[in-house]
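A.B. asks: coords please:
(one chain, ligands or ions: 2)
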Amino acid sequence: MNAADVPIWRDTPPWWRRLEALLFAAVFAYTTWGLAAGLTRYARETAGGKGFLADLLKPFDDGNYHDSVLAVVGLLIALLTLWELARFLIAQSGKERAAGPGAAARLFSATAREYQPTFFTGVLLGLLPRLIVIDVFWLLLPHFEHLALFDVGYTWYGWLYALLAWDLSMWLWHYSAHKVRLLWCLHSPHHAPENLNMTVAWVHFFAEGYYSALVQVPLLMLLGVESGMLVVLMAFEVTWGTFIHAGERSFRTGRFGPARFFIITPSYHRVHHAKNPLYMDSNFCSLLPFWDWMFGTLQPLRDEVKIEYGITRDINVTSFVDFYFGEFLLLARDLRGARGWRERFAYLFMPPGWAPGDPSHTATHVKRQFLLEHPELRPSSAPKLMSRWWLPAAVVLLALGFMWPAMAADRKPTEFGVCFHHGAFGNEHTPEAAAVLDDLRSAGRYWIRGDFQEPVKDAAFFADMQRKDIAVLALLPWYSKDVSGWPAYVRKQVQATPDVTAWEIANEPEMTWWGGPIPAADYLRMLREARAIVRDSNADARLIGPAVGATREGVAYLESLIGMGLLDSVDAVSVHYYVFHRSTQLEDVKRVVAGRKPIWITETGWNTADQEGGEQAQRAYIQSHYDRTRGILGADPAIEVIFHYELNDEHFPAPAGKDDGWGLTHGPDGGFGKKAAYHEFKKLLTNDPG
Ligand SMILES: [Zn+2]
Ligand SMILES: [Zn+2]
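C.D. replies: Numbering: from 1, shown residues only. Ligands and ions are numbered 1, 2, ... in the order given. You can find the predicted model right below:
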């Protein structure tokens, strides 16, 4: 580049440079201090047994696994970042001291050269737009979810598929970011640093997230990836994507031996950040080397070609303007000089380096020229061969995607129900409620779970349900450790409504909130007594129990019951599953039941009153958990029936204006107003494949 080409903003006035240097000193001190203070606090708390580890492990208990993974990886990344920084400062100060007087000033400018752009961007992104950018992804999701060509459930192959699809979407936006000049303007700050260290991962133009989300979200939704999986994949991507920016100070070659065949290593990503002709525009993925291999853009590090980091133009990395906006300013200059709209259009959308009638400065051209001169560095034939096969391979993958749902479909579809309070806990059995129940019934068949504790009311209620052709699960709760009155209670209830389809014995007997628990042996005796009474009057009635929480305590209780012979006395095992009440042991429930009986989730749901996200989160819960082909519970072959807790908010005589928030509809004062979740639930009934 000759002097005439040097843009005026490249060298800013001295007062401005001093201001930036001052700012950098402050930001450097602040960020380093923040990282170090966080680490020290963690270390101190752990040493003092103050539960840092417990906090770290808690999300594993809650089922928020990605929080825990993020906490662990976040810690590791902070450690590595500081480690790199310390090694840089030690090595550089040694070098500068040896070079004679003025070492402090030289050390400062070397540090600025290495860290100023990344620290500035880190702070800039941390302050405001990062939040916006992350939100864009989630804001776009609902608008594209219906595009899914097919559904891939939460299975192991579903996860593998999602990982591949994620990386494909990553390859696509990243490749375009390098090949379309306008998008390169957004992406170039990430490539501007002249050295690689983990803080380079912070550097992204704030608007880049909008563009990448616009490419990724529609594609991933079209490919049928579960939106719930994206949370985990994104967390993985962010942490691993940061890690692969580790510089030579952390890992000398960063090749990681045979791991390089399965995952993108720091070595691959260093190549991506290189401006050498051989390395330009390669290794676009950050998780798997698969798609780069398929598309022929995978370029391993060659020992004979030493990496030069950065971008090909002459850039002043310690000028924030040049670093962050330089490419935009150059594009504006080209657009001003363009002759006509065709040329302007081409400047915007042709690859960087393109000029009218002269493609010789594009990366493709430069690389081809280089390989002509260095034939020994040509890639081996494997990637080229694969690049010829990627289309058939993609077709096979798509075909597999269509087959999975079919494979998952050969099982009995999940049934649905709602919990309804018609008696003891405030009577919801009103004309308004009847209209709502009729409306649901018009969509499809479902169950009602009601607590049977007042024979007269129960009989009227059950008769109405029979008229509506709604199956009833009659819950027989018992909130006392004194179980002597139990057989009489059961007999009275069964006499009032002998034709009930299924009886649930009892409600959360292992819990303490009501003064329990009932000892397991006592519970089992209650179950056997109830079973004898029920079967006496209706040989077809089903017995369900023990309605324990899917928690550690609930599973332990269930396990001891099963040890005593529970499974001989029930037709299905019932559990309550609440994601934010530590109900994360569904896998354990399945393990102890071991497929010997179907599992009924007789209570699950999402509270709009005290959980974030309000009605939309409640609706999303139904989508992510109940859906028959891809829901966490609904697609699980072990689960036979799912009961939503509950039909209506506020069944207790609650304080005025207070709302318990579990319902598909608003409380009685609102006249059973339908929430977003109601419509989603109704859709499930409509889509009954049975
Ligand atoms: Zn890039
Ligand atoms: Zn990078």
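A.B. asks: Which residues outside stretch 298-305 are in contact with it?
C.D. replies: Here stretch 298-305 makes contact (Cβ atoms under 8 Å, 6 or more residues apart in numbering) with 253, 255, 260, 267-268, 270-271, 276, 278-279, 282-283, 289, 292, 307, 377, 379, 383. The C-beta positions use only the backbone N, C-alpha and C, and glycine is treated the same way.
A.B. asks: go with 7 Å
C.D. replies: Under the contact criterion Cβ atoms under 7 Å, 6 or more residues apart in numbering, stretch 298-305 has outside partners 255, 267, 270-271, 276, 278-279, 282-283, 289, 292, 377, 379, 383.
A.B. asks: Can you give the distance of it from its chain's centre?
C.D. replies: 34 Å (Cα atoms, centre = their mean, to the nearest Å).
A.B. asks: how long is it end to end?
C.D. replies: Separation of the first and last residues of stretch 298-305 by Cα to Cα, to the nearest Å is 16 Å.
A.B. asks: Could you tell me which of the contacts of stretch 298-305 count as buried?
C.D. replies: The neighbour-count criterion (16 or more other Cβ atoms under 10 Å) marks 267, 270-271, 276, 278-279, 282-283, 289, 292, 379, 383 among those as buried.
A.B. asks: farthest pair in the residues you listed?
C.D. replies: Farthest apart among the buried ones among the contacts of stretch 298-305 by Cβ to Cβ are 276 and 289. That separation is 19.4 Å.
A.B. asks: What are the contacting residues of stretch 362-370?
C.D. replies: Among residues not part of stretch 362-370, those counted as contacts by Cβ under 7 Å, 6+ apart are 277-278, 280-281, 351, 353-354, 359.
A.B. asks: in stretch 26-46, what's buried?
C.D. replies: With the criterion 16+ other Cβ under 10 Å, stretch 26-46 contains buried residues 27-28, 31-32, 35, 42.
A.B. asks: what pLDDT, on average, does it get?
C.D. replies: Stretch 26-46 carries an average pLDDT of 82.
A.B. asks: Distance from the chain centre to it, please.
C.D. replies: Shown here is stretch 26-46, whose average C-alpha point lies 28 Å from the average C-alpha point of the whole chain (Cα atoms, centre = their mean).
A.B. asks: circling back to that earlier point, pick out the most distant pair among the buried residues of stretch 26-46.
C.D. replies: The largest separation in those, counting by Cβ to Cβ, is between 27 and 42 at 22.7 Å.
A.B. asks: Select from the buried residues of stretch 26-46 every entry located in strands.
C.D. replies: In strands, defined here by DSSP state E, there are no members of these.
A.B. asks: Narrow the contacts of stretch 362-370 to those that are buried.
C.D. replies: Neighbour-count burial within these applies to 277-278, 280-281, 351, 353-354; the criterion is 16+ other Cβ under 10 Å.
A.B. asks: any idea which of those residues is closest to residue 235?
C.D. replies: Nearest member of these to residue 235, counting by Cβ to Cβ, is residue 281, at 27.8 Å.
A.B. asks: Assign a three-state SS to that closest one, would you?
C.D. replies: Classification of residue 281 by DSSP: H, G, I helix; E, B strand; the rest coil places it in coil.
A.B. asks: Surely it is in contact with residue 178?
C.D. replies: Yes: look at residue 281 against residue 178 with Cβ atoms under 7 Å: they come within range, at 5.0 Å.
A.B. asks: Quickly check the buried ones among the contacts of stretch 362-370 for the two that are furthest apart.
C.D. replies: The farthest-apart pair in the buried ones among the contacts of stretch 362-370, when distances are taken by Cβ to Cβ, is 278 and 354, at 20.5 Å.
A.B. asks: Skip the chain neighbours and tell me the closest residue to residue 481.
C.D. replies: residue 518 (6.0 Å; Cβ to Cβ, 6 or more residues apart in numbering).
A.B. asks: can you tell me which residues contact the one you found?
C.D. replies: Residues in contact with residue 518, defined by Cβ under 7 Å, 6+ apart, are 481, 483, 509.
A.B. asks: which of these are buried?
C.D. replies: Members of those that pass the buried threshold by neighbour count (16+ other Cβ under 10 Å) are listed as 483, 509.
A.B. asks: Kindly reformat the contacts of residue 518 as a markdown table containing distance to residue 541, secondary structure and pLDDT.
C.D. replies: Compiled in a markdown table, the contacts of residue 518 are given as follows (distance: Cβ to Cβ, whole Å; DSSP: H, G, I helix; E, B strand; the rest coil; pLDDT from 0 to 100):
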| residue | distance to residue 541 | secondary structure | pLDDT |
| --- | --- | --- | --- |
| 481 | 27 | coil | 91 |
| 483 | 21 | coil | 92 |
| 509 | 20 | coil | 95 |
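A.B. asks: possible to save the contacts of residue 518 as CSV with distance to residue 497?
C.D. replies: Conversion of the contacts of residue 518 to CSV gives the following (distance: Cβ to Cβ, whole Å):
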residue, distance to residue 497
481, 27
483, 22
509, 22
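A.B. asks: Check the spatially most central residue of the chain and give its pLDDT.
C.D. replies: Centroid-nearest residue in the chain: residue 231, 1.0 Å away (criterion: Cα atoms, centre = their mean). The predicted structure scores residue 231 at 72 on the pLDDT scale.
A.B. asks: and it, which of the three is it?
C.D. replies: In terms of secondary structure, residue 231 is helix; the call rests on three-state DSSP.
A.B. asks: ok, now how distant is it from residue 620?
C.D. replies: Distance of residue 231 to residue 620, given as Cβ to Cβ, to the nearest Å: 12 Å.
A.B. asks: and stretch 461-479, how far from the chain's centre?
C.D. replies: Centre to centre, stretch against its chain (Cα atoms, centre = their mean), the figure for stretch 461-479 is 39 Å.
A.B. asks: cool, and stretch 228-245?
C.D. replies: When distances are taken as Cα atoms, centre = their mean, stretch 228-245 is centred 9 Å away from the chain's centroid.
A.B. asks: buried residues in it?
C.D. replies: For stretch 228-245, a neighbour-count test (16+ other Cβ under 10 Å) marks 228-230, 232-239, 241-245 as buried.
A.B. asks: In strands, which of those fall?
C.D. replies: Among these, no member falls in strands (DSSP E).
A.B. asks: quick one: which of those residues is nearest residue 449?
C.D. replies: Proximity of those to residue 449 (Cβ to Cβ) peaks at residue 228, which lies at 26.2 Å.
A.B. asks: hmm, back to that, can you tell me whether I have it right that the residue nearest to residue 481 is in a strand?
C.D. replies: No: applying three-state DSSP, one finds residue 518 to be coil, outside a strand.
A.B. asks: Can you show me the helices along the stretch 251-400 of the chain?
C.D. replies: Per DSSP state H, counting those that start in this stretch, the stretch 251-400 of the chain carries helices over the ranges 266-272, 290-295, 320-337, 340-349, 363-373, 381-409.
A.B. asks: Skipping its backbone neighbours, what lies nearest residue 379 in space?
C.D. replies: Nearest non-adjacent residue to residue 379 (Cβ to Cβ, 6+ apart): residue 299, at 7.0 Å.
A.B. asks: neighbours of that neighbour, just the number please.
C.D. replies: The tally of other residues near residue 299 (other Cβ atoms under 10 Å) stands at 23.
A.B. asks: Determine which two of the buried residues of stretch 228-245 are furthest apart.
C.D. replies: With distance counted by Cβ to Cβ, no two of those lie farther apart than 228 and 245, which are 28.0 Å apart.
A.B. asks: Poorly predicted segments of the stretch 401-550 of the chain, please.
C.D. replies: When the per-residue scores of the stretch 401-550 of the chain are filtered using pLDDT under 70, the ranges that remain are 401-411, 424-426.
A.B. asks: The same query, at a cut-off of 50, please.
C.D. replies: Within the stretch 401-550 of the chain, the segments meeting pLDDT under 50 span 406-410.
A.B. asks: need the helix or strand of this structure with the lowest average pLDDT.
C.D. replies: Least confident element among the helices and strands of the chain, by mean pLDDT, DSSP states H and E: helix 52-62 (a mean of 57).
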